[in-house]
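Peer 1: Structure of the sequence below:
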Amino acid sequence: MISNDINECTKKLNEIMHVKENFDIVYREISIMGKKTVLYFVDGFCKSADLRSMIEVFMKINDPKLISSAEEFSKTAVTYGQVTLSNDENDIVTAMLAGQTVLVVDGFDKAVLISARSYPQRATSEPDKDKVFRGSRDGFVESIILNTALIRRRIRDPRLIIKHMQVGSQSKTDVALCYMKGKVDKKLLDNIVNRLDTTKVQSLTMNQESMVEILTPKRWKNPLPKFKYTERPDTTAAHVFEGDIAIIVDNSPAVLIVPATIFSVMEEANDYYFPPVIGTYLKLTRSIIMLITAVITPVWLLLTQNPDWVPQWLNFILVTDNIQVPLLAQLIILEIAIDGLNLASLNTPNTLISSLSILAAIIVGDYAVGSGWFSSQALLYTAFVALANFAQPGYELGYAFKFIRIFLLLATGFFNVWGFVIGIIIVSIVVLNTKTLSGRCYLYPLIPFNWKKLKYHLYRASLTEKQESKKD
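Peer 2: So this is what the prediction gives:
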């Protein structure tokens, strides 16, 4: 509780906020009709022009009625849209650190919280990962307010609910749950809200990834993604229309979509910016390529271990190079080397990326084969897998397939055909036992089978077809 004695009130707030030690916590004292008034705000969260106009309005007040109480003052003297009152010091401090301007007036038993914040942010632009063929080229940024506005711009329906929450006992990170009232899975929504309300974490250190670990604390061993990540507002709006929940975390441009099945994770918005025939072709191509990436190197290893199975017209896939390293070791080393090159590219200055990429290609492609470390076929198949991973929009699904592929390689390399068969069986059991956040099978609507929904994952339906199916 704060006191209506401004000296006592400011003394307490100054101690809590360490005003003398923090150079960016601004303490500004003014007088409104002879009453001592103090403004608190974080430098950088409030524009100078807004602050100047706010003070000018306060200085022009000449009616004692307007400053008779905090309620009257907030209704008639504050010109900003969002104004709240609070006498809880914890709420006041949290609001101040979130960017709001706190106004304390002598004689008021409540502080006036004015939302005149303006977060530093980059301009909206096309996301680097979610590239756009056609359609809007705006993307989410690190500001939760702007991100929710991009969704509101696309869904002009009063049933769109954007529920605000704060997570983290110390960071008090802003989180927004976006969903369509009447379409959302109420049980799933209540489960998410309950987990966020009861979680005991200090902060969301890694933004959306910390949120994932809160919502799925016991599923970290399974690499299959339970969330769909996107930085595109059109993708998010489409999922919200379908009844999914979008989770927006402040300071992160990536939005989480739940519940997510393997079909929804592999879908891409670009499919729907082309005619149905082209969109269907892109969908099927992406799905087939991803399935091939999971088994192509294990199948090739299996065939090289059993050359008698290879028909004559496929003899070219067999290794003819003089190699010194076993094929299994080659494939495992290349899998790790690809990730090493990816990590190196992240830390390489932009001016050097092109030249170093050419140098790496020459060394790996020429000297690695010539020295006998790797066969040309192993390099070819690994290169195909590395490039094919970019055919789908999610890094997480690509790494899930990578772990499946490595597991099949090890099983095949050590136990030949029986290892491959048992590996496929184990992978199938893991996928079948994987549940989404809503409790459904990860392969839904394939298992349990629902043709009405499955067909829209297999081909790009037209807008009229989808609308007619919803009416039925």
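
Peer 1: Helix, strand or coil: sort out the closest residue to Ser143 other than its chain neighbours for me.
Peer 2: Nearest residue to Ser143, sequence neighbours excluded (CB to CB, 6 or more residues apart in numbering): Gln121, at 4.6 Å. C-betas here are computed from N, CA, C, even on glycine. With DSSP: H, G, I helix; E, B strand; the rest coil as the basis, Gln121 sits in coil.

Peer 1: I'd say Gln121 and Ile144 touch.
Peer 2: No: counting by CB atoms under 8 Å, Gln121 sits too far from Ile144 to count as a contact (10.3 Å).

Peer 1: quick one, which of those two is more surrounded?
Peer 2: Counted by other CB atoms under 10 Å, Gln121 and Ile144 do not tie: Ile144 has more neighbours, with 21 against 13.

Peer 1: any idea how far Val299 is from the closest residue to the more buried one other than its chain neighbours?
Peer 2: By the measure of CB to CB, 6+ apart, the closest residue to Ile144 outside its immediate chain neighbours is Asp250, 4.1 Å from it. Here the criterion is CB to CB, to the nearest Å. By it, Asp250 lies 46 Å from Val299.

Peer 1: Of these two, which one has the most company?
Peer 2: Neighbours per residue (other CB under 10 Å) separate Asp250 from Val299, with Asp250 holding more: 21 against 16.

Peer 1: residues touching the more buried one, list them.
Peer 2: Neighbour list for Asp250: 142-144, 173-175 [criterion: CB atoms under 8 Å, 6 or more residues apart in numbering].

Peer 1: Which ones among those residues map onto strands?
Peer 2: Among these, the ones falling in strands (DSSP state E) are 173-175.

Peer 1: For ChimeraX, what selects the buried ones among those residues?
Peer 2: The buried residues among these can be selected in ChimeraX (16 or more other CB atoms under 10 Å) with this line:
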select :173,174,175
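
Peer 1: if I look at the closest residue in space to Gly135 that isn't next to it in sequence, how far off is Asn147?
Peer 2: Closest residue to Gly135 apart from its sequence neighbours, by CB to CB, 6+ apart: Tyr273 at 4.8 Å. From Tyr273 across to Asn147, the span is 21 Å (CB to CB).

Peer 1: Show me the helices in the stretch 1-150 of the chain, by range?
Peer 2: Secondary structure of the stretch 1-150 of the chain (DSSP state H, counting those that start in this stretch): helices located at 6-17, 48-59, 70-76, 89-97, 144-154.

Peer 1: Check which helices and strands the fourth one sits against.
Peer 2: Same thing as helix 89-97. Here helix 89-97 touches helix 6-17, strand 35-42, strand 83-86, strand 101-105, strand 111-114, going by 3 or more CB pairs under 8 Å, 6 or more residues apart in numbering; DSSP states H and E.

Peer 1: neighbours around Pro64, how many?
Peer 2: 10.

Peer 1: The chain should start at 45 in everything you say after this.
Peer 2: Will do, 45 is the new start, and the previous item becomes Pro108.

Peer 1: Pull the contacting residues for the residue nearest to it when sequence neighbours are not counted.
Peer 2: Once flanking residues are discounted, Pro108 sits nearest to Met77: 6.5 Å by CB to CB, 6+ apart. By CB under 8 Å, 6+ apart, the contact set of Met77 is 105-106, 108, 111.

Peer 1: Out of those, who's the most crowded?
Peer 2: Ile111 (22 neighbours).

Peer 1: Am I right that that residue is in contact with Ile76?
Peer 2: Yes: with contacts counted by CB under 8 Å, Ile111 reaches Ile76, the gap being 5.9 Å.

Peer 1: Need the overlap of contacts for those two.
Peer 2: 105, 149.

Peer 1: what mean pLDDT does the one helix or strand Thr341 maps to have?
Peer 2: Here Thr341 is covered by helix 320-349, with elements defined by DSSP states H and E. Mean pLDDT, helix 320-349: 90.

Peer 1: follow-up on the earlier one: how close does the residue nearest to Pro108 sit to Thr138?
Peer 2: In terms of CB to CB, Met77 sits 30 Å off from Thr138.

Peer 1: Leu221 too?
Peer 2: Using CB to CB, Leu221 is found at 19 Å from Thr138.

Peer 1: Which one's more surrounded, the two?
Peer 2: Set Leu221 next to Thr138 and count neighbours by other CB under 10 Å: Leu221 wins out with 20 against 15.

Peer 1: surely the more buried one meets Ile206?
Peer 2: Yes: with contacts counted by CB under 8 Å, Leu221 reaches Ile206, the gap being 7.3 Å.

Peer 1: how about the strands in the stretch 395-516 of the chain?
Peer 2: Counting by DSSP state E, counting those that start in this stretch, one finds no strands in the stretch 395-516 of the chain.

Peer 1: Which parts of it are helices?
Peer 2: Counting by DSSP H, counting those that start in this stretch, the helices of the stretch 395-516 of the chain are 412-414, 420-432, 439-477, 495-502, 507-515.

Peer 1: Show the average pLDDT along stretch 156-169.
Peer 2: Stretch 156-169 carries an average pLDDT of 79.

Peer 1: Identify the residues contacting the nearest residue to Pro277 once chain neighbours are set aside.
Peer 2: The shortest distance from Pro277 to any non-neighbouring residue, by CB to CB, 6+ apart, is to Leu194 (4.0 Å). Leu194 is in contact with 168, 182, 184, 277, counting by CB under 8 Å, 6+ apart.

Peer 1: can you pull the pLDDT of Trp357?
Peer 2: The model reports Trp357 with a pLDDT of 87.

Peer 1: How about the contacts made by it?
Peer 2: Under the criterion of CB under 8 Å, 6+ apart, Trp357 has no neighbours.

Peer 1: If I look at Leu403, what pLDDT would I see?
Peer 2: On the pLDDT scale, Leu403 is placed at 63.

Peer 1: same deal with Lys515?
Peer 2: With respect to pLDDT, Lys515 scores 49.

Peer 1: go on, Asn314?
Peer 2: If you check Asn314, the pLDDT there is 83.

Peer 1: Find the nearest non-adjacent residue to it, please.
Peer 2: Nearest residue to Asn314 in three dimensions, chain neighbours excluded: Phe177, at 4.7 Å (CB to CB, 6+ apart).

Peer 1: Then Ile291?
Peer 2: In space, and not counting its chain neighbours, Ile291 is closest to Leu300: 4.1 Å by CB to CB, 6+ apart.

Peer 1: From the contact counts, what lies against whatever helix or strand that neighbour lives in?
Peer 2: Following DSSP H and E, one finds Leu300 within strand 299-302. Contact partners of strand 299-302 among helices and strands, from 3+ CB pairs under 8 Å, 6+ apart: helix 252-259, strand 272-274, helix 277-285, strand 289-293.

Peer 1: and of these, who's closest to Val471?
Peer 2: strand 272-274 (21.3 Å; CB to CB).

Peer 1: hmm, who's touching the closest one?
Peer 2: The contact list for strand 272-274 (CB under 8 Å, 6+ apart) reads 174, 252, 280, 283, 298-302, 304, 308-309, 437-440.

Peer 1: of those, the lowest pLDDT goes to which?
Peer 2: pLDDT across these is lowest for Asp174, at 73.

Peer 1: wouldn't that residue be in contact with Asp278 here?
Peer 2: No: with contact defined as CB under 8 Å, Asp174 does not reach Asp278; the gap is 9.7 Å.
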